[in-house]
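**Q** sequence below, structure please.
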Amino acid sequence: MIIRPIADKDLETLYQIAEESGPGFTSLMPDRDALAQKIAHSTASFGRNVRSPGDEHYLFVLEDETTGDILGTTGIEANTGHTQPLYHFRRNTVTHHSRDLDVRRSVETLTRCNHYTGYSEICSLYLRPEFRRANAGKLLSRVRFLFMAQHPERFSHKVIAEMRGVSDAAGQSPFWDWLSTHFVDMEFAQATHLVGAGYTDFIDELMPSHPLYTCLMSPEARAVLSQVHKHTRPALQILEAEGFKHKGLIDLFDAGPTVECALAEIRSVRASSEQRVCVDEGLAGAEALFGHTRQQQSEPTLIANTGTANFRATVTAEASDDSGTLVIPHALAEKLCLDNGSTARTLPLNHRTAAVHSQDTVTELNYAY
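**A** Prediction:
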């Protein structure tokens with residue numbers, strides 16, 4: 001499995017992924033023209049010389065280098081709210097108090113906001129069900145942190161992830177069912193399609209700007225506030241193990257939670273490191289070049305080169321590490337575009353980030369990505 005930047009040749013597969021992922025996955029909508037523009041934008045973003053985050057969007061694909069199959073996608077938005085507002089509901093508690101009557105009552109409200117403007121967002125994570133295999137989900141999730149750790153100037157110091165909220169097999173959201181009944185006469189799929197296509201004016205025009213009292217909502221709508229889709233739970237577990245926390249902001253359409261973490265505090269960012277590369281043409285060659293003997297890695301390691309347009313990453317146990325030098329086989333070096341003396345960024349894939357044992361069945365990490 002190799003992670004690489006998306007390319008024009010991936011358009012049809014990306015369209016299939018957009019269809020498979022369903023209406024709640026707003027960062028990838030089944031529109032070939034829009035997806036072609038997204039690929040072109042990503043290609044341009046990887047190719048830019050960036051000193052501070054702008055409107056860059058980086059979209060990666062996970063490829064089976066043997067068959068050429070695309071197993072999944074993962075992405076990063078450099079600067080949310082740069083071209084269009086990023087709206088959420090904030091969960092608040094409001095207290096009403098009558099001093100004369102000595103009556104006090106606290107109620108929860110939802111207030112529309114665009115608090116996360118300027119944050120970087122990890123998004124578009126989707127592992128196709130037929131290609132689930134060991135370490136694929138972890139690779140899709142954590143490779144973004146290696147890229148961000150290597151190129152921090154391209155990203156904000158704060159990172160968010162919008163998690164897909166609860167919806168049924170038909171794509172209906174209990175939260176949106178209540179909201180649309182009272183405010184927006186529109187199907188859930190239509191609303192998410194508009195957002196995915198970049199049209200957000202209807203949010204200001206039709207959706208409530210004043211606080212909503214959650215006690216007036218249907219029990220079904222209240223029950224899914226800050227809850228995630230069943231296929232998104234493993235993705236949320238991985239992010240929580242990385243240090244991401246939910247601080248009360250939820251999606252406007254399905255009420256899924258948004259989680260956040262400082263870039264420098266993400267555990268994979270902190271645990272990753274740069275290492276000098278030795279391409280192992282044989283044990284004798286490694287000893288001659290660096291004067292050490294080979295020590296095989298005991299656990300799988302995520303390895304990425306330090307490029308942008310030619311970025312490559314994978315998970316391997318075919319590596320050795322001795323005093324900061326990374327020794328990898330010639331064939332693997334070619335796949336990762338690495339040469340003798342170049343630099344790679346590495347991360348032990350199973351590093352202990354928290355007492356959370358995330359299943360490797362990540363299906364979706366929804367960004368109104």
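**Q** measure stretch 110-122 end to end?
**A** Stretch 110-122 has an end-to-end distance of 24 Å (Cα to Cα, to the nearest Å).
**Q** phi, psi of M148?
**A** Torsion angles at M148 (phi, psi; degrees, to the nearest 10) stand at phi -70, psi -40.
**Q** now do the contacts for it.
**A** 76, 120, 154-155, 159, 263, 266, 269 (Cβ atoms under 8 Å, 6 or more residues apart in numbering). Where C-beta positions appear, they are placed from N, C-alpha and C, glycine not excepted.
**Q** how does it look with 7 Å?
**A** 76, 155, 263, 269 (Cβ atoms under 7 Å, 6 or more residues apart in numbering).
**Q** the third one contacts H157, correct?
**A** Which is L263. Yes - counting by Cβ atoms under 7 Å, L263 does reach H157; the two are 5.4 Å apart.
**Q** and those two? Which one has more around it.
**A** Taking neighbours as other Cβ atoms under 10 Å, L263 and H157 compare with L263 leading, 17 against 13.
**Q** chain center to stretch 114-129, what's the gap?
**A** From the chain centre to the centre of stretch 114-129 is a distance of 5 Å (Cα atoms, centre = their mean, to the nearest Å).
**Q** kindly report the same for stretch 85-100.
**A** Relative to its chain's centre, stretch 85-100 lies at 29 Å (Cα atoms, centre = their mean).
**Q** thinking again about what came up before, looking at the contacts of M148, spot the one nearest A136.
**A** Set against A136, the nearest of the contacts of M148 by Cβ to Cβ is I76 (18.3 Å).
**Q** what's the distance between the closest one and T258?
**A** Distance, I76 to T258, using Cβ to Cβ, to the nearest Å: 15 Å.
**Q** before we move on, what about M29?
**A** Counting by Cβ to Cβ, the gap from M29 to T258 is 20 Å.
**Q** more neighbours, these two?
**A** Neighbour totals were compared for M29 and T258, and T258 leads with 25 against 21 (other Cβ under 10 Å).
**Q** isn't that one right next to E162, touching?
**A** Yes - look at T258 against E162 with Cβ under 7 Å: they come within range, at 4.9 Å.
**Q** ok, back up a step: got a quick ChimeraX command for the buried subset of the contacts of M148?
**A** The following ChimeraX line selects those of those that are buried, judged by 16 or more other Cβ atoms under 10 Å:
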select :76,155,263,269
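**Q** just the ones of the contacts of M148 in strands?
**A** Counting by DSSP state E, the part of the contacts of M148 found in strands is I76.
**Q** out of the contacts of M148, what pair is the most spread apart?
**A** Farthest pair in the contacts of M148 (Cβ to Cβ) is I76 and V269. Separation: 12.8 Å.
**Q** now do the contacts for C337.
**A** Per Cβ under 7 Å, 6+ apart, neighbours of C337: 305, 307, 310, 312.
**Q** the third one - how many residues pack around it?
**A** Counted with other Cβ under 10 Å, the neighbours of N310 add up to 12.
**Q** just the CA coordinates of the helix or strand where T74 lies, formatted as PDB?
**A** Per DSSP states H and E, T74 falls inside strand 70-77. Extracted as PDB, the C-alpha positions of strand 70-77 are listed here (Å, rounded to 0.1, in the frame of the first residue of the first chain):
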ATOM      1  CA  ILE A  70      -7.400   2.800  -5.100                       C
ATOM      2  CA  LEU A  71      -8.300   1.600  -1.600                       C
ATOM      3  CA  GLY A  72      -9.400   4.900  -0.100                       C
ATOM      4  CA  THR A  73      -8.800   8.600   0.300                       C
ATOM      5  CA  THR A  74      -7.700  11.100   2.900                       C
ATOM      6  CA  GLY A  75      -7.200  14.900   2.900                       C
ATOM      7  CA  ILE A  76      -6.300  18.100   4.600                       C
ATOM      8  CA  GLU A  77      -7.900  21.600   4.200                       C
END
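**Q** pLDDT averaged over that strand - what is it?
**A** Averaging pLDDT along strand 70-77 gives 95.
**Q** now the contacts of M148 in a markdown table, with distance to A223?
**A** What follows is the contacts of M148, written out as a markdown table (distance: Cβ to Cβ, whole Å):
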| residue | distance to A223 |
| --- | --- |
| I76 | 32 |
| F155 | 35 |
| L263 | 33 |
| V269 | 35 |
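**Q** other residues contacting stretch 10-24?
**A** Under the contact criterion Cβ under 7 Å, 6+ apart, stretch 10-24 has outside partners 28-30, 32, 35-36, 39, 61, 70, 73, 126, 128, 164-165, 167, 171, 188-189, 192, 229, 254, 364, 366.
**Q** what do you get for stretch 156-166?
**A** Contacts for stretch 156-166 (Cβ under 7 Å, 6+ apart): 24-25, 53, 79, 116, 118-122, 173-175, 224, 227-229, 232, 236, 239, 244, 251, 254-264, 266, 364-369.
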